[in-house]
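Peer 1: compute the structure for the input listed below.
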Amino acid sequence: NFNPRKIINEILEYTTKQNHESSQIGVLQSQLFESLCGKQYLLVLDDEWTDDQDEWEKLRYPLRNGADGSKIIITTRSKRVSSIMKTMHPYILEALSEDEC
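Peer 2: Residues are numbered from 1 along each chain as shown. The predicted structure follows:
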């Protein structure tokens, strides 16, 4: 289940080495925005299916404050997820053949 508040909280705990228990997503977003200020990061979100643009926007907002060169890698089987995140360089992988499996 895609949960922006949980993801933001986990990133915050990693970057600040502190526990952030706010239940308000706006507070967590602001804290992460400040925490990433000028820092370069690599975030990998694996096997994402949520195609709710509002939920993705909650996560995207605080990630905009990272330094140049910051990257987000998302793996998904949904072209809609890719378009919501405005993927600059999507890599469409072909299915493996029976022999390759």
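Peer 1: determine the longest helix present in the chain.
Peer 2: Criterion DSSP state H: the longest helix present in the chain is helix 4-16.
Peer 1: same for it, what does it pack against?
Peer 2: helix 25-35, helix 53-63 (3 or more C-beta pairs under 8 Å, 6 or more residues apart in numbering; DSSP states H and E). All C-beta spots, glycine's among them, are computed from the backbone N, C-alpha and C.
Peer 1: same list (those helices) but as JSON lines, adding distance to residue 7, mean neighbour count and mean pLDDT.
Peer 2: As requested, these are exported to JSON lines (distance: least, C-beta to C-beta, whole Å; neighbours: other C-beta atoms under 10 Å; pLDDT from 0 to 100):
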{"stretch": "helix 25-35", "distance to residue 7": "10", "mean neighbour count": "17", "mean pLDDT": "93"}
{"stretch": "helix 53-63", "distance to residue 7": "6", "mean neighbour count": "16", "mean pLDDT": "92"}
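Peer 1: right, and those - which one's nearest residue 74?
Peer 2: helix 53-63 (9.5 Å; C-beta to C-beta).
Peer 1: tell me the pLDDT at residue 87?
Peer 2: Turning to residue 87, the model gives it a pLDDT of 69.
Peer 1: low-scoring pLDDT stretches of this protein, where are they?
Peer 2: Counting by pLDDT under 70, the chain contains low-confidence ranges at 87.
Peer 1: next, the angle from the longest helix of the chain to helix 53-63.
Peer 2: 20 degrees (axes from the mean of the first three to the mean of the last three C-alpha atoms, to 10 degrees).
Peer 1: in a markdown table: the helices and strands packed on helix 4-16, plus distance to residue 83.
Peer 2: Converted to a markdown table, the helices and strands packed on helix 4-16 look like this (distance: least, C-beta to C-beta, whole Å):
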| stretch | distance to residue 83 |
| --- | --- |
| helix 25-35 | 23 |
| helix 53-63 | 9 |
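Peer 1: which one of the ones you listed lies nearest to residue 3?
Peer 2: Here helix 53-63 is closest among the helices and strands packed on helix 4-16 (C-beta to C-beta), at 8.4 Å.
Peer 1: ok, and what's touching stretch 21-40?
Peer 2: Applying C-beta atoms under 8 Å, 6 or more residues apart in numbering, the contact partners of stretch 21-40 are 4-5, 8-9, 11-12, 15-16, 20, 58, 61-70.
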